[in-house]
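Q: Can you look at this prediction? I've put the sequence above it.
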Amino acid sequence: MITEECINCGACEPECPNQAIEAGDEIYVIDAEKCTECIPVYEESQCAAVCPVDACVPDPNHKESREELEEKYKALHGE
Ligand code: SF4
C-alpha cells in the first residue's frame, strides 16, 4: 500500500512488474488485487526500493503467503 507520505513523484509506477500502481486522486495507489510484492520477479518490493519518502509499505490488511503471491502472479500473467 502507499501511505499519505506520498509526494506524487511517480518513481514507483514504472517499477511494478504487475502494473499495479497508478496515480490516484490525491496520491499514487496500489491495486492490492494485482500486487504480488514483486514475487517471484524480484525478492524485494520495487516500489519500496525506489520511493524517496518510504511511502510504499506492506498492507496489514492484505497479508499473503509466498505461495499465495506466486499463484496470484501466475493468474495475473496467464501462466
Ligand atoms: Fe509516491 Fe513514493 Fe510512489 Fe513517489 S515513489 S509516487 S512518493 S509512493
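A: All right, it came through fine.

Q: Near the ligand, which residues of the protein? Just list them.
A: For the chain, the residues in contact with the ligand (CB under 6 Å from any ligand atom) are 2, 6-12, 28, 50-53, 55-56. All C-beta atoms are positioned from the backbone trio N, CA, C, and that covers glycine.

Q: go again using 8 Å as the cut-off
A: By the rule CB under 8 Å from any ligand atom, the part of the chain lying against the ligand is 2-3, 5-13, 21, 23, 27-28, 47, 50-56.

Q: Provide the contact partners of the helix ranked longest in the chain at residue level.
A: Counting residues, the longest helix found in the chain (DSSP state H) is helix 66-76. For helix 66-76, the external contacting residues (CB atoms under 8 Å, 6 or more residues apart in numbering) are 18, 34, 36-37, 39-41, 64, 79.

Q: Quick check on those residues: which are buried?
A: 18, 34, 36-37, 39, 64 (16 or more other CB atoms under 10 Å).

Q: What about K63, how many residues nearby?
A: 8 (other CB atoms under 10 Å).

Q: Pull the contacting residues for it.
A: Contacts for K63 (CB under 8 Å, 6+ apart) come out as none.

Q: Now do the same for it: its pLDDT.
A: pLDDT recorded at K63 is 96.

Q: cool, E79 as well?
A: At E79, pLDDT is 81.

Q: which residue sits closest to it, ignoring its sequence neighbours?
A: The spatial neighbour of E79 that comes closest, neighbours along the chain excluded (CB to CB, 6 or more residues apart in numbering), is Y73 at 7.7 Å.
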